[in-house]
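Enquirer: Show me how the following folds:
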Amino acid sequence: MGKLYTAEVTATGGRNGEVKSSDGIIDLIVKKPTAMGGEGNATNPEQLFAAAWSSCFLGAAAAVGEKIMST
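Expert: Numbers count the residues shown, from 1 in each chain. As a prediction, the model looks like this:
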């Protein structure tokens with residue numbers, strides 16, 4: 001199987017910085033969550049990871065479900 005898609009995102013400043021996608025759709029300030037001693041008031045890397053992982057997992061589960069139902 002060949003490559004289906006490549007995403008490119010640049011992160012600067014670490015846990016208190018900025019993330020930008022090459023297509024410009026993501027352009028966010030990220031800050032350490034208050035629960036970890038940060039100032040909060042912005043999205044944090046954990047939220048972005050959870051959002052990406054959960055949507056990818058649900059997409060994969062749906063694809064498997066469609067394949068099972070079509071056989």
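
Enquirer: Ramachandran angles for residue 33?
Expert: phi -70, psi 150 (degrees, to the nearest 10).

Enquirer: Just give the number of residues close to the closest residue to it other than its chain neighbours.
Expert: In space, residue 33 comes closest to residue 44 once its chain neighbours are excluded; the distance is 4.6 Å by C-beta to C-beta, 6 or more residues apart in numbering. The way it works is simple: take the backbone N, C-alpha and C, and place the C-beta from them, glycine included. The burial count assigned to residue 44 is 20, neighbours taken as other C-beta atoms under 10 Å.

Enquirer: Tell me how far residue 44 lies from residue 7.
Expert: Going from residue 44 to residue 7 by C-beta to C-beta, to the nearest Å gives 19 Å.

Enquirer: how far does the host helix or strand of residue 60 sit from the chain's center?
Expert: Using DSSP states H and E, residue 60 sits in helix 45-69. Put simply, helix 45-69 sits 11 Å off its chain's centre (C-alpha atoms, centre = their mean, to the nearest Å).
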